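Engineer: Fold the following for me, if possible:
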Amino acid sequence: MPVRLNPADLARLGVEAGSKVKVTSANGHVTVTATADEVAPRGLAAFVLTQSSGGAAPLLRPHPTVTPGPARAPSK
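Structural biologist: Next comes the predicted model:
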């Protein structure tokens, strides 16, 4: 699974397209191939997330945090 980065970000980071990079979040990290993508916004790493790829799963929270409580009607 590649990570898509704007070419300007690749240059700023000193990374060549096709190189392996480590992407880290507060929840974990993955090592993936960097791919240049002119459409990717500067400053952001873009992954295609599908159930079949699963490669970015360590970067995400395993379960959303839900606070139990009574259901309420929206206030008017």
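Engineer: if you go through the chain in chain order, where are the strands?
Structural biologist: Along the chain, the segments classed as strands by DSSP state E run 2-5, 20-25, 28-36.
Engineer: In TSV: the ones you listed, plus mean neighbour count and distance to Ala11.
Structural biologist: In this view, the C-beta of every residue, glycine as well, is placed from N, C-alpha and C. As requested, these are exported to TSV (neighbours: other Cβ atoms under 10 Å; distance: least, Cβ to Cβ, whole Å):
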stretch	mean neighbour count	distance to Ala11
strand 2-5	21	10
strand 20-25	13	14
strand 28-36	15	9
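Engineer: Phe47 is nearest to which of these?
Structural biologist: Comparing those by their distance to Phe47 (Cβ to Cβ), the top pick is strand 2-5, with 5.9 Å.
Engineer: Kindly reformat the strands of the chain as TSV containing distance to Leu44.
Structural biologist: Formatted as TSV, the entries for these read as follows, by distance: least, Cβ to Cβ, whole Å:
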stretch	distance to Leu44
strand 2-5	8
strand 20-25	11
strand 28-36	13
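Engineer: closest one to Ala46 among those strands?
Structural biologist: For the strands of the chain, the distance to Ala46 is smallest for strand 2-5, at 4.1 Å, taking Cβ to Cβ.
Engineer: List of residues touching that closest one?
Structural biologist: Residues outside strand 2-5 that contact it (Cβ atoms under 8 Å, 6 or more residues apart in numbering): 13, 15, 21, 23, 32-37, 39-40, 45-47.
Engineer: if you set the cut-off to 10 Å instead, what comes out?
Structural biologist: Outside of strand 2-5, the residues within contact range by Cβ atoms under 10 Å, 6 or more residues apart in numbering are 11-13, 15, 17-18, 21-23, 30-48, 55-56.
Engineer: Please work out how many residues are found near Ala40.
Structural biologist: Neighbour count for Ala40, taken as other Cβ atoms under 10 Å: 19.
Engineer: Next, the contact list for it, please.
Structural biologist: Shown in contact with Ala40 (Cβ under 10 Å, 6+ apart): Val3, Arg4, Leu5, Asn6, Pro7, Ala8, Asp9, Leu10, Ala46.
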